[in-house]
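Peer 1: My questions concern the predicted model and sequence given below.
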Amino acid sequence: MTMEVLELANYFRKIALEQSINPSQVQSVAELFAEGGTVPFIARYRKERTGGLDEVNIIAIRDRLDQLQELDKRRQAILKSIQEQGKLTGELEAKIQAAETMNILEDIYLPYKPKRRTRGTMAKDKGLEPLALLLLEQNPATDPLAEAQKYISTEKDREVPDVAAALAGARDIIAENISENAAARAELRKLYEKNSVMSSKVLKGKEEDAIKYSDYFEWAEPAAGAPSHRILAIRRGAKEGFLTFHIQPDEQQAIDILFRMFVKGNSAAAMQVQAAAEDSFKRLLSLSMETEMRLEMKNRAEEEAIRVFADNIRELLLASPLGQQSVLALDPGFRTGCKLVCLDPQGKLLFDDVIYLHKEDEAEMKIRVLAEKFRIQAIAIGNGTAGRETKAFCDKIDFGRPLPVVMVNESGASVYSASEVARDEFPDKDVTVRGSVSIGRRLMDPLAELVKIDPKSIGVGQYQHDVDQKKLKNSLDDVVTSCVNSVGVEINTASKQLLSHVAGLSEKIAAAIVETRNENGPFTDRREILKVAGMGPKTFEQAAGFLRIRSGNNPLDASAVHPESYPIVERIAADLGCTVGDLMANDELRKKIDLKKYVTDSIGLPTLNDILQELAKPGRDPREPFQLFSFADGIKEMTDLKIGQKLPGVVTNVTNFGAFVDIGVHQDGLVHISELADRFVEKPSDVVKVHQKVEVTVTSIDIDRKRIGLSMRSKPDTSGEGRTQRTSPAAKHHDNTNPQERRDNKKPSRHENDSNNPFKDFFKNYKI
């Protein structure tokens, strides 16, 4: 067995142990990725090979394999560097091969790493290394003063003027050796991880400018338990030049660790080593360990912030769709008027205009006429400025029939309206019309419309601008792809942006599908997709099961049954003496199916059960049915609120410190984590989700600072009218503190689909 295969086997065992699954499952996932598989396809259509792993497991395996590959690349680079120095021994190579983390690997490499000129290297250049090694032995018989006398020199470039200089140089060498000792660094790392304190202070003279960071002017807490939002808030304050912050353990505890490891006894030589150990920590290790800890805490905070953002985006993308209905959409406005558009059930723009609410009779007449002319089935109103007033105006109109009026979250609509995607869709319309179209389409199908916008612009994140943007993009891409493929895409109506998120499809192929559809008319059979330019068998395999043709020749094309499984369904129908259509329409026929009869080497009961479910509900939308929601009557401004009021609301953002809720007054209120339930809540996402309808109680109102405190507890504390809401420090400068600023963000951004497959060459030259 080759070394490469052994390394892969080690990868699989390690990841399996971390995820509590079998190594064979990890191997299967890696092989499927190497074959060009995508996460949705592997999770949905290769359950037999993976043992039923879900998308979360599969993504974790993919990312961990990538990390281990990066670790091995660094390992090989280090081995090569030390080999070229002629210092690689069998023992050292074994240590390097056994290193399981990047930190351990770098600790081992540190003494051999090419470095700039230091006090230690300068002392070595003066020939003081033998003295340092002698002192390190700490022989009670060694007289440091007498030994140092031997190294006094007036030689140019090696000048050591006296005994004190010789001993100082020797201590510098010892201090550097200690700072590069892997075992010492490992022990200190444990101390920093468990017992360090994160503290921050305001920079002198910055107090007035840094008022939003006032909670951190004198702040300290255990670093191990610091929540991600607080870490990122303090880091932001430091980056903006308002705060300084440190992560440090008790200094004497750290120095004592070094004393225990390196100081032997109390001889004169040992005292020199003790002084060197103390200097090593204060001058070298404390800075190195703090830098490492800062990075570690940043990574931890970023992972949590990205997870929160990803969870929120998932809930927003999977919000209930109204469905294919004719919609009149309004982008509210006082001064410039309300931008009005009429859309057909496929979201096509039929008409656009502007109405002015202060011209009540004219505006009402226009809306009633358009509603009748275009057979409008629902009215969508953006929730920005004048949104509540516009909804109240529409609610009063008598249409002679029920016509729901729905407030729609317009966050990111302005980003879409100024984007290349919008310009491509509506080259002859201005940004106001494009924004109104986006509002209307969001009501019809939030997922189909929101995929056109960079997820970072949707505004449901937590410090999303402070985290690693590549990691954030990768995570959000995974979420968008997961949502799109879990719902499925109607190929004959989908935009190229939506199609580009289907498993296996690139932006280029998505555009080719739309072009083919426009030129030749709608697809009537999934197999016709193979005629699209760039669509090969592998791409078709990945994408076909997630593409729907609802009025096609084959009823299975409207379902999530993969074309590769059509023969099995046809066989089942033949055995029952009926057609596939009969099988899908008749529950009694399906009850007669004995799935065990159809198990093969490649298709087992997991896939057969999925097929049976699809036959019962072909192409079932996993999203919840649409439900109308209304804010409380008479509540339009913060001045309308009263302490103790119970109000309906919609969750707009979930963070680590609580949830923001829209109660219809232009300013989201905060339900602090301690107010989310009558029980202890570890994570707000365990209790609430974005877009969830909730009932809240007003617990505090601060009109000057535009803050509303809310509670979801059964008996909230509502004493003390007008008191300051109870927020965590980070809430003061959270990205959603002013939702209107977020909604008005005009910066265009384009979502880029990254279809690179890092595992295509994973098994190159490997045989398993």
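Peer 2: Received it, and whenever you're ready, just let me know what you need.
Peer 1: how is this structure carved up into domains?
Peer 2: 3-112, 327-444, 638-737 (automatic domain parsing).
Peer 1: so how far is the shortest one from its chain's centroid?
Peer 2: Averaging C-alpha coordinates over domain 638-737 and over its chain gives two centres that are 24 Å apart (CA atoms, centre = their mean, to the nearest Å).
Peer 1: Ok, the second one next?
Peer 2: On the basis of CA atoms, centre = their mean, domain 327-444 is displaced by 32 Å from the centre of the chain it belongs to.
Peer 1: for this structure, which spans come out with low pLDDT?
Peer 2: For the chain, residues meeting the criterion pLDDT under 70 lie at 1-6, 459-462, 720-768.
Peer 1: Under a three-state scheme, what state does the residue most central in space within it occupy?
Peer 2: The C-alpha lying nearest the average C-alpha coordinate of the chain belongs to residue 306 (CA atoms, centre = their mean; 3.1 Å). Here residue 306 is recorded as helix under DSSP: H, G, I helix; E, B strand; the rest coil.
Peer 1: could you check the distance from it over to residue 473?
Peer 2: Relative to residue 473, residue 306 is positioned 10 Å away (CB to CB, to the nearest Å). Heads up, the C-betas are built off the backbone N, CA and C, glycines and all.
Peer 1: just to revisit the earlier point, let me see the contact set for the residue nearest to the centre of the chain.
Peer 2: By CB atoms under 8 Å, 6 or more residues apart in numbering, the contact list for residue 306 reads 467, 471-472, 475.
Peer 1: Just the buried ones from those residues?
Peer 2: Of the members of the contacts of residue 306, the ones counted as buried by neighbours, 16 or more other CB atoms under 10 Å, are 467, 472, 475.
Peer 1: any chance of those in a markdown table, plus distance to residue 76 and secondary structure?
Peer 2: Conversion of the buried ones among the contacts of residue 306 to a markdown table gives the following (distance: CB to CB, whole Å; DSSP: H, G, I helix; E, B strand; the rest coil):
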| residue | distance to residue 76 | secondary structure |
| --- | --- | --- |
| 467 | 30 | coil |
| 472 | 29 | helix |
| 475 | 28 | helix |
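Peer 1: These into CSV, with extra columns for distance to residue 265?
Peer 2: Formatted as CSV, the entries for the buried ones among the contacts of residue 306 read as follows, by distance: CB to CB, whole Å:
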residue, distance to residue 265
467, 50
472, 54
475, 54
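Peer 1: nearest to residue 669, of the residues you listed?
Peer 2: Using CB to CB, residue 467 is the member of those that sits closest to residue 669, with 25.7 Å.
Peer 1: how about residue 283, secondary structure?
Peer 2: helix.
Peer 1: Now for it: which residues touch it?
Peer 2: Residue 283 makes contact with residue 175, according to CB under 8 Å, 6+ apart.
Peer 1: For residue 643, grab the count of nearby residues.
Peer 2: Other residues near residue 643 come to 17 when the count uses other CB atoms under 10 Å.
Peer 1: One more: the one 3 residues further on?
Peer 2: The local packing of residue 646 (other CB under 10 Å) involves 11 other residues.
Peer 1: try residue 678
Peer 2: Look at residue 678: counted by other CB under 10 Å, it has 11 neighbours.
Peer 1: Verify the stated contact: it with residue 713.
Peer 2: Yes - the pair residue 678 and residue 713 passes the contact test of CB atoms under 8 Å, sitting 5.4 Å apart.
Peer 1: and residue 333, helix, strand or coil?
Peer 2: State at residue 333, reduced to three classes by three-state DSSP: coil.
Peer 1: I'd assumed residue 387 was in contact with it.
Peer 2: No - using CB under 8 Å as the test, residue 333 is too far from residue 387 to be in contact (9.7 Å).
Peer 1: Looking at these two, which one has more neighbours?
Peer 2: In terms of neighbours (other CB under 10 Å), residue 387 is the more surrounded of residue 333 and residue 387; the figures are 24 against 20.
Peer 1: For the more buried one, which residues are in contact?
Peer 2: Residues in contact with residue 387, defined by CB under 8 Å, 6+ apart, are 332, 381, 407.
Peer 1: looking at it, the second one is touching residue 328, isn't it?
Peer 2: Just to be clear, that refers to residue 381. No - with the criterion set as CB under 8 Å, residue 381 and residue 328 do not qualify as a contacting pair; they are 9.4 Å apart.
Peer 1: and stretch 447-454, how far from the chain's centre?
Peer 2: A distance of 17 Å separates the C-alpha centroid of stretch 447-454 from that of its chain, computed with CA atoms, centre = their mean.
Peer 1: Mind telling me what element the closest residue to residue 565 other than its chain neighbours is part of?
Peer 2: Nearest residue to residue 565, sequence neighbours excluded (CB to CB, 6 or more residues apart in numbering): residue 611, at 5.9 Å. When elements are assigned from DSSP states H and E, residue 611 belongs to helix 605-616.
Peer 1: Check which residues of that helix are buried.
Peer 2: By neighbour count with 16+ other CB under 10 Å, helix 605-616 contains the buried residues 607-608, 610-612, 614-615.
Peer 1: Work out for me the element residue 199 sits within.
Peer 2: Residue 199 is part of strand 197-202, with elements assigned from DSSP H and E.
Peer 1: Quick check: residue 53 vs residue 46, distance?
Peer 2: As defined by CB to CB, residue 53 lies at a distance of 9 Å from residue 46.
Peer 1: Next up, the contacts around the residue nearest to residue 26 when sequence neighbours are not counted.
Peer 2: Distances taken as CB to CB, 6+ apart put residue 12 closest to residue 26, at 4.3 Å, once the chain neighbours are dropped. Listed by CB under 8 Å, 6+ apart, the contact set of residue 12 reads 23-24, 26-27, 30.
Peer 1: residues in contact with the nearest residue to residue 306 once chain neighbours are set aside?
Peer 2: Taking CB to CB, 6+ apart as the measure, residue 306 lies nearest to residue 475, with 4.9 Å between them; neighbours along the chain are not counted. Applying CB under 8 Å, 6+ apart to residue 475 gives the contacts 306-307, 309-310.
Peer 1: picking that back up, with neighbour numbers in mind, choose between residue 381 and residue 328.
Peer 2: Neighbours of residue 381 and residue 328, each counted by other CB under 10 Å, are more numerous for residue 381; the result is 30 against 25.
Peer 1: For the more buried one, identify the helix or strand it belongs to.
Peer 2: Secondary structure assigned from DSSP H and E places residue 381 in strand 378-382.
Peer 1: Can I get the following helix or strand past that strand in PDB, CA atoms only?
Peer 2: Per DSSP H and E, the first helix or strand lying C-terminal to strand 378-382 is helix 387-395. Listed next in PDB are the C-alpha coordinates belonging to helix 387-395 (Å, rounded to 0.1, in the frame of the first residue of the first chain):
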ATOM      1  CA  GLY A 387     -44.900  51.300   4.300                       C
ATOM      2  CA  ARG A 388     -47.400  51.300   7.100                       C
ATOM      3  CA  GLU A 389     -49.200  54.300   5.800                       C
ATOM      4  CA  THR A 390     -49.400  52.800   2.300                       C
ATOM      5  CA  LYS A 391     -50.700  49.600   3.700                       C
ATOM      6  CA  ALA A 392     -53.400  51.400   5.800                       C
ATOM      7  CA  PHE A 393     -54.400  53.300   2.600                       C
ATOM      8  CA  CYS A 394     -54.800  50.100   0.600                       C
ATOM      9  CA  ASP A 395     -56.600  48.300   3.400                       C
END
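Peer 1: Tell me the buried residues in helix 387-395?
Peer 2: Of the residues in helix 387-395, those scored as buried under the neighbour-count criterion (16+ other CB under 10 Å) are 387-388, 390-394.
Peer 1: Distance check, the residue nearest to the centre of the chain against residue 323.
Peer 2: Taking CB to CB, one finds residue 306 at 32 Å from residue 323.
Peer 1: got the contact list for residue 19?
Peer 2: Residue 19 makes contacts with 26, 57, 60-61, as judged by CB under 8 Å, 6+ apart.
Peer 1: out of those residues, which one sits closest to residue 563?
Peer 2: Ranked by distance to residue 563 (CB to CB), the contacts of residue 19 are led by residue 57 at 25.8 Å.
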